[in-house]
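Engineer: coords please:
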Amino acid sequence: MTKQKTPKRLLGRIPFSISARVAMQLGRESISNSIVAILELVKNSYDADAETVTLRFAHLGTPNSILVIEDTGKGMTPKQLRQDCLLIGTDNKRKQVTSGKGHILTGEKGLGQLGRDRLCRSAILRSFTAKTAVELQIDWSKYDRLSSKALDWVKHGLYKIDRSINDPITGKPREITKGTQIILEDLRDDWTKELLVELKKELTLLISPFGGINDFAIEINSGMGWQDIDGQVNSSEMLEAAEWQFTALIADDKKHMVSYSMYSPRYKKRFAEGPKPWDGRFPKSSASIPG
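Structural biologist: Numbering: from 1, shown residues only. Just a heads-up that it's a prediction; the model follows:
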C-alpha cells in the first residue's frame, strides 16, 4: 500500500535579512580610516558635477567639533536620495559610468554609506535641486541600540526644508540654490594639525595638476587659522617634481604646425622637434586637421 504524501501548503515567500549590527560592521570595515571616508564624500561631489567642494571644520579639540562638507553639484531629489544613499550596494555606477559633464564616476556607493559613522556620531544631509530641498537626519547610535533588529527597523527622518537656512557654523542665514551639504557633528577623530596636513595631501590626488582641464576645486577651512592648511587645494607640486616636462604646441595657421619640446630641470637637457604640419605629424589620423 502506497503511503500518501502530505500536501504542501505555501506559507509565503520570505527573503534573507541582515541585522543592523552586521550592516554597521560591514560598513565600517569597508572604510579603512576617516581620511578615506572624507575622500569618498569628496568623490561623490565630483560625480555630482560640482565645480567646488568645501570642507569647513569648527570647534576642533572640543566636544562640539563639527565638519561641514558642501558642494555646488546637481543635488539629489528625495527619490534619488532613497535610491543612491539609502540603498546598500546600489549598482548605479555600473549602469552609468560618466556624469553629465563627462566625469568618470569615482565614488563608491553602497556599504561605504554606512561606513560614514566612523567620522561622526550624528549627521545631517541637505540636498538642493532646482525643484526640491530635503534634509536627512542620521543618528548612528540607533544602530547600536537596535543592533539585534533587522536593518530596516532603523529609520531616519527625511524632511522637506526651505532653501533659506542658517549656516551650521556661523549661524548666519543664507540661501542655497543647488548642491549638497553634509553636516558631521560630534566628530570621532581628534583632527589635529598633523592629521589635517595628511588629509590635504590626500586631497591633492583628486585635483588635476593642469588648471582648467578639470573644472573641480577643493577648499579647506580648518577653523583654527592654520595658513598652511586653509585655502584651495592644488597639485602644482606634482608638475614641479617631474624630472621631465613635455610641451606640445599647435599653431593657429592653415597647416596647423606642431612643435614638441622636452626639458629636464634635473639633467639640464632640452630636446625639440618641429614645427611639422599636422597631416605630416599624424599621417594615419582620420582627421586632416586637429579636433
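Engineer: could you double-check that residue 162 lies in contact with residue 135?
Structural biologist: No: using Cβ atoms under 8 Å, residue 162 is not in contact with residue 135, being 10.0 Å away. (Each C-beta comes from the backbone N, C-alpha and C, glycine too.)
Engineer: tell me which of the two has more neighbours.
Structural biologist: It is residue 135, of residue 162 and residue 135, that has more neighbours when counted by other Cβ atoms under 10 Å, with 19 against 9.
Engineer: and the more buried one, what is it in contact with?
Structural biologist: 124, 125, 126, 158, 159, 160, 161 (Cβ atoms under 8 Å, 6 or more residues apart in numbering).
Engineer: the last one against residue 136, yeah?
Structural biologist: No: because the distance of 10.3 Å does not satisfy Cβ under 8 Å, residue 161 is recorded as not touching residue 136.
Engineer: anything in contact with each of these two?
Structural biologist: residue 126.
Engineer: these two: who's more crowded?
Structural biologist: A direct count of neighbours by other Cβ under 10 Å for residue 161 and residue 136 places residue 136 higher, at 20 against 14.
Engineer: just the pLDDT at the more buried one, thanks.
Structural biologist: We have a pLDDT of 95 for residue 136.
Engineer: next up, phi/psi of it, please.
Structural biologist: Note on residue 136: its backbone torsions stand at phi -110, psi 120 [degrees, to the nearest 10].
Engineer: same check, this time on residue 164
Structural biologist: Per degrees, to the nearest 10, the backbone of residue 164 is at phi -90, psi 110.
Engineer: can you give me the separation between it and residue 135?
Structural biologist: Per Cβ to Cβ, to the nearest Å, residue 164 is found 13 Å from residue 135.
Engineer: do residue 143 as well
Structural biologist: 20 Å.
Engineer: next: residue 200.
Structural biologist: In terms of Cβ to Cβ, residue 200 sits 29 Å off from residue 135.
Engineer: how many other residues sit next to residue 20?
Structural biologist: 21.
Engineer: so it sits against residue 140, correct?
Structural biologist: No: if you go by Cβ under 8 Å, residue 20 and residue 140 don't touch, sitting 10.6 Å apart.
Engineer: and the strands in the stretch 101-250 of the chain?
Structural biologist: 120-128, 133-139, 157-160, 164-166, 173-175, 179-187, 217-221, 231-232, 245-250 (DSSP state E, counting those that start in this stretch).
Engineer: in its sheet, what does the fourth one sit against?
Structural biologist: Translated: strand 164-166. Using DSSP bridges, the strands paired with strand 164-166 in its sheet are strand 173-175 (antiparallel).
Engineer: residues making contact with the strand it pairs with?
Structural biologist: 163, 164, 165, 166, 167.
Engineer: in JSON lines: those, plus neighbour count.
Structural biologist: Shown next, in JSON lines, are the contacts of strand 173-175 (neighbours: other Cβ atoms under 10 Å):
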{"residue": "163", "neighbour count": "13"}
{"residue": "164", "neighbour count": "10"}
{"residue": "165", "neighbour count": "16"}
{"residue": "166", "neighbour count": "10"}
{"residue": "167", "neighbour count": "14"}
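Engineer: list the buried residues for the lengthiest helix in the chain?
Structural biologist: Counting residues, the longest helix found in the chain (DSSP state H) is helix 34-47. Buried residues in helix 34-47, defined by neighbour count with 16 or more other Cβ atoms under 10 Å: 34-35, 37-47.
Engineer: tell me how far stretch 220-227 lies from the chain's centre.
Structural biologist: For stretch 220-227, the separation from the chain centroid amounts to 21 Å (computed by Cα atoms, centre = their mean, to the nearest Å).
Engineer: give the buried residues for it.
Structural biologist: Buried, per 16+ other Cβ under 10 Å, within stretch 220-227: 220, 221, 222, 223, 224, 226.
Engineer: closest one to residue 83 out of those residues, please.
Structural biologist: Closest to residue 83 out of the buried residues of stretch 220-227 is residue 220 (30.6 Å), distances taken as Cβ to Cβ.
Engineer: looking at it, the closest one is touching residue 52, isn't it?
Structural biologist: No: between residue 220 and residue 52 there is no contact under Cβ under 8 Å: 11.7 Å.
Engineer: do you know how far the spatially closest residue to residue 130 that is not a sequence neighbour is from residue 198?
Structural biologist: The spatial neighbour of residue 130 that comes closest, neighbours along the chain excluded (Cβ to Cβ, 6 or more residues apart in numbering), is residue 178 at 7.0 Å. Distance of residue 178 to residue 198, computed by Cβ to Cβ: 31 Å.
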